[in-house]
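In: How does the following fold in three dimensions:
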Amino acid sequence: MSTNTARKTRPTVVTIASGIWCAVVLVRLGFLVVAVVHTDGGLAVALVGSFIGLAFAALFVWLAIRMARGSASARLWLAIVAGFAVVNTVVGLVLGAGAAGFLYPIALVAATVLSYLPSTRGFFPKTERRDRPAEPRTIGWDPATGERITEPAPTDGRAG
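Out: Numbers count the residues shown, from 1 in each chain. Purely as a prediction, here's the structure:
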């Protein structure tokens, strides 16, 4: 192990946020099992629904584990999913579906807020900006062919 690679300690709020995600997924899996047992659509519908539900559960648990390990992109994707859950619940409430499942989005929003607190900034690495290649600057268009006329790209590496 190199002395240059110092491991960052995971903030407690990130551990809690990851735990909330895993707990919500496990509870939702419990409801999936109940729904599959009581389905009236037949075995094929139950199998397809179970497969899709397990796939999403596995994806969310995998993202929660990656977030707990310091992945900023996993944290972003979980925040997007939490936003969709809130929108889904609001639409359900407006359409009169009842308020039975409003605790899940609240828990997911809490997990998202916890993972974006200022104390977690140092745990999630910032991505380095990559220099993009310099594009040649368009100075006109050839009237005969319609192709653009460019001047040479700058050689110092900066975009024009």
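
In: where do the helices sit along the protein?
Out: For the chain, helices defined by DSSP state H occupy the ranges 12-37, 43-68, 72-94, 103-115.

In: what's in contact with the last one?
Out: Residues outside helix 103-115 that contact it (C-beta atoms under 8 Å, 6 or more residues apart in numbering): 13-14, 16-18, 20-21, 23-24, 27-28, 67, 75, 78-79, 81-82, 85-86, 88-89, 120. For every residue, glycine as well, the C-beta is placed using N, CA and C.

In: show me the contacts for the residue nearest the centre of the chain.
Out: Taking C-alpha atoms, centre = their mean as the criterion, W77 is the residue nearest the geometric centre of the chain, at 0.3 Å. W77 sits next to L63 when contact means C-beta under 8 Å, 6+ apart.

In: so what's it scoring on pLDDT?
Out: What the model reports for W77 is a pLDDT of 95.

In: can you check A72 too?
Out: Confidence for A72, expressed as pLDDT, is 91.

In: Might one say that it is in contact with F123?
Out: No: using C-beta atoms under 8 Å, A72 makes no contact with F123, being 9.1 Å away.
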